[in-house]
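Visitor: everything below, folded, please.
(one chain, ligands or ions: 1)
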Amino acid sequence: MTDEQPDSRADAPERETVEVTVYEFVGGEPFFATLVDRFYAGVMADPVLAPMYPVDDLEGAKYRLRSFLVQFWGGPDTYSQERGHPRLRMRHFPFAIGQDERDRWMTHMRAAVEAAETIPEVKGMLLGYFENSATAMRNQADR
Ligand code: HEM
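Guide: Here you go, the predicted structure:
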């Protein structure tokens, strides 16, 4: 036994915990730009989902999803500055979203998340969030 108490050393940086947002952890905007690009590649090849999206404004649609995700995961609040409160469920009312549409959307988003370059824990956070929010976006009974 010695008088030394290793666990209480004030100069033990390896024991410090630093909290960062997901946005910071993944390296910011470029991560979400790539995620959304991959997601949209899947959506545009999907015969059920593709017709729902604005063909003449795909870049705009990508930009809206990307800036929303940046804001949600802790980045700049540009989305709300430009578009106001997200109110995502309300913004999706014009689109008929049943279980099939929801599952297709999730299939493309899951592929985009799995292809992303980050650690499994972050992928798990993203997938959990998308699973729940995609379910909440349904606005049609099953046909
Ligand atoms: C469940 C299936 C879903 C379908 C079929 C769907 C479909 C669409 C469509 C057709 C648009 C219009 C594209 C545009 O011009 O911006 C849109 C917009 C958008 N969606 Fe979804 N969506 C789904 C789920 C989700 C989820 C889960 C999120 C977020 C986690 C989300 C976030 C957004 C955002 C941020 C916009 C732009 C809203 C705006 O500012 O106008 N969507 N969605």
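Visitor: quick check on Gln71: phi, psi?
Guide: With angles defined as degrees, to the nearest 10, Gln71 sits at phi -70, psi -50.
Visitor: the closest residue to it other than its chain neighbours: neighbouring residues, count only.
Guide: Leaving aside its sequence neighbours, Gln71 sits nearest to Tyr79 (Cβ to Cβ, 6 or more residues apart in numbering; 4.4 Å). All C-beta atoms are positioned from the backbone trio N, CA, C, and that covers glycine. Per other Cβ atoms under 10 Å, the neighbour tally for Tyr79 reads 21.
Visitor: what pLDDT does Tyr79 get?
Guide: As predicted, Tyr79 sits at a pLDDT of 98.
Visitor: which SSE is immediately downstream of the host helix or strand of it?
Guide: Using DSSP states H and E, the element containing Tyr79 is helix 78-83. From helix 78-83 onward toward the C-terminus, using DSSP H and E, the following helix or strand is helix 88-91.
Visitor: can you list contacts of that next one?
Guide: 68, 133, 136-137, 139 (Cβ atoms under 8 Å, 6 or more residues apart in numbering).
Visitor: the ligand contacts on this protein?
Guide: 49, 52-54, 61, 64-65, 68, 83, 88, 91-92, 95, 97, 101-102, 105, 130, 133-134, 137 (Cβ under 6 Å from any ligand atom).
Visitor: now a PyMOL select for only the buried ones of the residues you listed.
Guide: The PyMOL command for the buried members of the residues of the chain next to the ligand (criterion: 16 or more other Cβ atoms under 10 Å) is given here:
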select buried, resi 49+64+65+68+92+97+101+102+105+130+134+137
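Visitor: among the residues of the chain next to the ligand, name the ones in helices.
Guide: Members of those lying in helices (criterion: DSSP state H): 61, 64-65, 68, 83, 88, 91, 101-102, 105, 130, 133-134.
Visitor: now, among those residues, which is nearest to Glu121?
Guide: Using Cβ to Cβ, Phe130 comes nearest to Glu121 of these, at 15.2 Å.
Visitor: that closest one contacts Glu114, doesn't it?
Guide: No. Look at Phe130 against Glu114 with Cβ atoms under 8 Å: they stay out of range, at 11.6 Å.
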